[in-house]
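Enquirer: Model the following, please.
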Amino acid sequence: MAGRTWMTLPAAALVVAGATMLVTAAGATESSSMVVTGRVTFTGSAPAPEPIDMSADGYCVDQHTTPVMDASVRIDDSGGLAGVLVYVSNAPSGAGPAAGDETLLDQVGCIYTPGAVAVRVGQTLVVRNSDQTLHNVRVTPTLNRGFNLGQPMRGIESRRSFDQPEVGIPVRCDIHGWMHATLHVIDHGFHTITGPDGSFELPDLPAGDWVVEAWHPTLGTVSSQIAGGGAAAIELEFGG
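Expert: Next comes the predicted model:
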């Protein structure tokens, strides 16, 4: 198939830049499960972070001792890319570890925390206002039912769930235009959001052929195909 490279690696680290590649884990048996670990990285020149102007709400200004930067591409000193959805794009519906009861999207210092959140189909998303100022939460899916919540005071929580898988749902606050986040709804348990250093782990995958995809709201997607069982370490690379 054009654009695809096939490689067999002993517990390998494989760099994938805008292509799909196959990793076969070493020491695997057909009945074993897989643990996929790795990092999502960014190469090239990232967009320069810009300071957020919070002057429209004095409360928001007072919550920060230094300027808050709005960085659409958040990388650490070694190129690790934070806030990226990593998931098995061809996993069957309902597979994988059970979902927790609830997942939290908070508003702290007039910033969505975390900036990216993933829930299972049917799992409860808790939206909390931890600020002593008015927020609204506008969620605009394509496949699921959207909503626009007003949360006028600290401690208010609202709960919603979603019945269709959907990646990349925008979350906005109409009152504070700099506030934005991304919500993902996945119909299985093999997904995570990368940490500040771009690292991730997908445990307990059954042995098999899987496509691991990384999704970023401005950079798009890259993917890696893995096969077998045991352990696989991959690096998914976005280029600038």
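
Enquirer: What residues does the residue most central in space within the chain make contact with?
Expert: Centroid-nearest residue in the chain, with C-alpha atoms, centre = their mean: residue 85, separated by 2.7 Å. By C-beta atoms under 8 Å, 6 or more residues apart in numbering, residue 85 lies in contact with 116, 118, 167, 168, 182, 184, 191, 192, 193, 214, 215, 216. Heads up, the C-betas are built off the backbone N, CA and C, glycines and all.

Enquirer: Would you agree the first one is in contact with residue 86?
Expert: No: taking contact to mean C-beta atoms under 8 Å, the distance of 10.7 Å between residue 116 and residue 86 leaves them out of contact.

Enquirer: So for those two, which sits in the more crowded spot?
Expert: Higher neighbour count among residue 116 and residue 86: residue 86, with 27 against 22, using other C-beta atoms under 10 Å.

Enquirer: what's the closest non-adjacent residue to that one?
Expert: Leaving aside its sequence neighbours, residue 86 sits nearest to residue 200 (C-beta to C-beta, 6 or more residues apart in numbering; 4.6 Å).

Enquirer: about what we covered before: list residues touching both of residue 116 and residue 86?
Expert: Common contacts of residue 116 and residue 86 (C-beta under 8 Å, 6+ apart): residue 193.

Enquirer: before we move on, back to that, for the host helix or strand of the residue nearest to residue 86, list every residue counted as buried.
Expert: According to DSSP states H and E, residue 200 maps onto strand 199-206. Residues 200, 202, 205 are the ones in strand 199-206 that count as buried (16 or more other C-beta atoms under 10 Å).

Enquirer: Residue 37 contacts residue 236, doesn't it?
Expert: No: if you go by C-beta under 8 Å, residue 37 and residue 236 don't touch, sitting 11.7 Å apart.

Enquirer: who's more crowded, those two?
Expert: Neighbour count, other C-beta under 10 Å: between residue 37 and residue 236, residue 236 has more, with 26 against 14.

Enquirer: and the more buried one, what does it touch?
Expert: So residue 236 contacts 16, 38, 39, 40, 41, 86, 212, 214, 222, 223, 224 (C-beta under 8 Å, 6+ apart).

Enquirer: quick one: contacts for residue 167?
Expert: Contact analysis of residue 167 by C-beta under 8 Å, 6+ apart lists 85, 87, 184, 185, 186, 215.

Enquirer: Need the max-distance pair from those.
Expert: The span of those, defined through C-beta to C-beta, is set by 185 and 215 at 12.5 Å.

Enquirer: Looking at the two, which is more packed in?
Expert: residue 185 (24 against 21).

Enquirer: Report the secondary structure element holding that one.
Expert: Assigned by DSSP H and E, residue 185 falls in strand 180-186.

Enquirer: helices or strands next to the helix or strand following that strand in the packing?
Expert: Next helix or strand after strand 180-186 toward the C-terminus (DSSP H and E): strand 191-193. Judged by 3 or more C-beta pairs under 8 Å, 6 or more residues apart in numbering; DSSP states H and E, strand 191-193 is in contact with strand 85-88, strand 116-120, strand 199-206.
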